[in-house]
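J.: fold the following and give me the result.
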Amino acid sequence: MNEAARERRSGYRRAPLSDQAKGILLMICAIALFTVLDALAKGIGQETNPVMALWARYAGQTVIVAVIVAPRLRRVLRTRYPKLQVLRSIFLLSATSCFFTGLTMIGLAEATAIMDLNPVIITLGAALILGERFGPRRAVGVVVSLIGALIVIRPGSEVFSYAALLPLAAALFYSGYALTTRFVGRDEDAWTSLLYSALLGAILFTALIPFFWEMPDLRTAGMMAVIGFCGAGSQLMLIRALMMAEASLIAPFAYVGLIFASLWGLLFFGEWPDLPTVIGMVVIAGAGLYVWHRETQLAGPSGSDTGGGAIRGREGNAGG
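T.: Here you go, the predicted structure:
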């Protein structure tokens, strides 16, 4: 007897998931897929070079997005902010390049933890650049998150690697991307931003790929084919999550990426984060959640534009 028949006989009917619950599930799936993308980039970069991973990621997503928006491609290509679209695309391109290169040199969990500094950097940047409020409690969140990053990076110790500075640079570049997106996104179609941010990378790395091309084996070629789908799929799920639930509700679930990154690092690369790395990850996540909680309180019950920083991991926003 199947489950539906049992429910009919018992008179019990399972309540459908609310939009908020669906939004949370989609958010978790999107973040999981983002970390799969990172793991694929690490694998491709180690087998060949980071440019191969970057080209596959951007070219693949551009083709997929272009196919999806093909019936209205001309309208999607129209933008009110051509210069800002180019600027945000450069920020994202720089962030992705630094992060993918760093992944070939340090562990997936460590790189992800450092990259997850971006929510509090965005909070600081929003105060300095956009004139948003920046009180002492937000300042505490920023300082604590930086302490967490120092615990992971451990400058001056024997385990320190200059490669750890690459995801730190990626977090800074990504914060610039997120702040630009916050401004552009007020009046721009999300698909327009999504297409432009992928298109610039596709053009640049298609021009560079002849100089960095290495013939991939079958396994690496498979990863290169999949990485574009991961990029597009994670973005689409995130867009859908933001349509079904408030940003302030789903923002904290961005930090499950630390769990997934640790899992993929262990399963696929034999990487096990040491105790200081785990402590640093907890400190960074705690600081980010604290900043999110403060922003939610200050924004009031409407939840408008709250939690955006926590959502914006690596490429996590509707315009990315």
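
J.: low pLDDT regions in the stretch 151-300 of the chain?
T.: Along the stretch 151-300 of the chain, the parts satisfying pLDDT under 70 run over 156-159, 247-249, 294-300.

J.: in stretch 55-68, which residues are buried?
T.: 55-62, 64-66, 68 (16 or more other Cβ atoms under 10 Å). C-beta: built from backbone N, CA, C; applies to glycine.

J.: report the distance from that stretch to the chain centre.
T.: 17 Å (Cα atoms, centre = their mean, to the nearest Å).

J.: and for stretch 192-199?
T.: Its chain's C-alpha centre and that of stretch 192-199 lie 15 Å apart, by Cα atoms, centre = their mean.

J.: which residue sits closest to residue 60, ignoring its sequence neighbours?
T.: residue 228 (1.5 Å; Cβ to Cβ, 6 or more residues apart in numbering).

J.: ok now do the one you found, which residues does it touch?
T.: By Cβ atoms under 8 Å, 6 or more residues apart in numbering, the contact list for residue 228 reads 56-57, 59-61, 63-64.

J.: these two touch, right, residue 235 and residue 193?
T.: No - contact between residue 235 and residue 193 fails when scored by Cβ atoms under 8 Å: they sit 10.2 Å apart.

J.: list the helices and strands the helix or strand hosting residue 259 packs on?
T.: Residue 259 is part of helix 256-269 when elements are defined by DSSP states H and E. In terms of contacts (3 or more Cβ pairs under 8 Å, 6 or more residues apart in numbering; DSSP states H and E), helix 256-269 is packed against helix 19-47, helix 108-115, helix 275-299.

J.: which one of those helices lies closest to residue 260?
T.: The minimum distance between residue 260 and the helices and strands packed on helix 256-269 falls on helix 19-47, with 4.0 Å, by Cβ to Cβ.

J.: that closest one to helix 256-269, inter-axis angle?
T.: 40 degrees (axes from the mean of the first three to the mean of the last three Cα atoms, to 10 degrees).

J.: and the next element down the chain from helix 19-47?
T.: Assignment by DSSP H and E places the next element after helix 19-47 at helix 50-68.

J.: hey, C-alpha coordinates of that following helix in PDB?
T.: C-alpha atoms of helix 50-68 as PDB (Å, rounded to 0.1, in the frame of the first residue of the first chain):
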ATOM      1  CA  PRO A  50      42.300  27.500 -12.700                       C
ATOM      2  CA  VAL A  51      41.700  29.200 -16.100                       C
ATOM      3  CA  MET A  52      40.200  26.000 -17.400                       C
ATOM      4  CA  ALA A  53      37.800  25.900 -14.400                       C
ATOM      5  CA  LEU A  54      36.900  29.600 -14.800                       C
ATOM      6  CA  TRP A  55      36.300  29.200 -18.600                       C
ATOM      7  CA  ALA A  56      34.000  26.200 -18.100                       C
ATOM      8  CA  ARG A  57      32.100  27.900 -15.300                       C
ATOM      9  CA  TYR A  58      31.400  31.200 -17.100                       C
ATOM     10  CA  ALA A  59      31.000  29.800 -20.600                       C
ATOM     11  CA  GLY A  60      28.700  27.100 -19.400                       C
ATOM     12  CA  GLN A  61      26.500  29.400 -17.400                       C
ATOM     13  CA  THR A  62      26.300  32.000 -20.200                       C
ATOM     14  CA  VAL A  63      25.000  29.400 -22.700                       C
ATOM     15  CA  ILE A  64      22.500  28.000 -20.200                       C
ATOM     16  CA  VAL A  65      21.100  31.400 -19.200                       C
ATOM     17  CA  ALA A  66      21.100  32.600 -22.800                       C
ATOM     18  CA  VAL A  67      19.000  29.600 -23.800                       C
ATOM     19  CA  ILE A  68      16.500  30.200 -20.900                       C
END
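
J.: re the thing from before, can I get the buried residues of stretch 55-68 in CSV including distance to residue 37?
T.: Formatted as CSV, those follow (distance: Cβ to Cβ, whole Å):
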residue, distance to residue 37
55, 14
56, 10
57, 7
58, 12
59, 14
60, 10
61, 10
62, 15
64, 13
65, 15
66, 19
68, 18
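
J.: want to throw the residues you listed into JSON lines with pLDDT and distance to residue 170?
T.: Formatted as JSON lines, the buried residues of stretch 55-68 follow (pLDDT from 0 to 100; distance: Cβ to Cβ, whole Å):
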{"residue": "55", "pLDDT": "97", "distance to residue 170": "18"}
{"residue": "56", "pLDDT": "96", "distance to residue 170": "18"}
{"residue": "57", "pLDDT": "94", "distance to residue 170": "14"}
{"residue": "58", "pLDDT": "95", "distance to residue 170": "15"}
{"residue": "59", "pLDDT": "95", "distance to residue 170": "20"}
{"residue": "60", "pLDDT": "93", "distance to residue 170": "20"}
{"residue": "61", "pLDDT": "90", "distance to residue 170": "18"}
{"residue": "62", "pLDDT": "93", "distance to residue 170": "21"}
{"residue": "64", "pLDDT": "90", "distance to residue 170": "23"}
{"residue": "65", "pLDDT": "89", "distance to residue 170": "22"}
{"residue": "66", "pLDDT": "91", "distance to residue 170": "26"}
{"residue": "68", "pLDDT": "90", "distance to residue 170": "27"}
